[in-house]
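Enquirer: no FASTA, just this:
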């Protein structure tokens, strides 16, 4: 069975641009969450979605938004990119509501903002 | 607010040595879950263990063991007889009632042959 897949794997953008990151959960998983991992730090929670509804949001500005589609895949959008948005963006899925479950992570999208 | 502290930034050992990773957490909630994840160089976090706040039993799984002590808010992780394949970054994480998972800064473990 396929694991969590994220695309693209690497992305280079310039300040002020917009970016869309994509995530396909493991088949049968209904919850998707997004994390930002800056080099040398632990992942920081951005969003969690379950059954297409937002269940949780971390301390990130409104430039960050996300959605979950009927097939449970998800997109993370970041507007007006800043240099500080450069990070590894990780997506995770889980079968249920996701809150306290074991999470299955993808390999991430490495975003570089120049 | 919750916080997870992993005081050790890096640990380097020789193969077959034991290594213990410390994790201290803070939360005001009485019900919470603790996790350990491993991040190899490929970047993908891999789940190792989950423990809820009502279960203070220590656990052993192969060469891995965990010591949960609620009185000291600690959830330490030991790798026995380390192997080169254990080289990775290890993260402790906490999720209380607000369903937002908080990770520590991670401990980089390097096992030398």
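Expert: Now that the structure is in, tell me what you want to look at. For clarity, every value in this text was computed on a predicted model and none was experimentally measured. Numbering: from 1, shown residues only, chains lettered A, B, ... in the order given.
Enquirer: going forward, measure contacts between C-alpha atoms and count neighbours the same way
Expert: OK.
Enquirer: need the residue closest to the centroid of chain A.
Expert: The centroid of chain A falls nearest to residue A:34 when counting by C-alpha atoms, centre = their mean (3.2 Å).
Enquirer: does residue A:100 touch residue B:98 like I think?
Expert: No: in this structure, residue A:100 is not within contact of residue B:98 by C-alpha atoms under 8 Å, at 10.0 Å.
Enquirer: more neighbours, these two?
Expert: Taking other C-alpha atoms under 10 Å in any protein chain shown, residue A:100 and residue B:98 do not tie; residue A:100 has more neighbours (22 against 13).
Enquirer: ok, now which ones touch that one?
Expert: Neighbouring residues of residue A:100 by C-alpha atoms under 8 Å, 6 or more residues apart in numbering or on different chains: B:33, B:95, B:99.
Enquirer: for those, which one is nearest chain A?
Expert: Of all the contacts of residue A:100, chain A sits closest to residue B:99, with 4.8 Å by C-alpha to the nearest C-alpha.
Enquirer: next, the contact list for residue A:84, please.
Expert: Residues near residue A:84 by C-alpha under 8 Å, 6+ apart: residue A:113.
Enquirer: tell me the secondary structure for it?
Expert: With DSSP: H, G, I helix; E, B strand; the rest coil as the basis, residue A:84 sits in helix.
Enquirer: that one and chain B, how far apart?
Expert: 18 Å (C-alpha to the nearest C-alpha, to the nearest Å).
Enquirer: how near is residue B:50 to residue B:68?
Expert: 11 Å (C-alpha to C-alpha, to the nearest Å).
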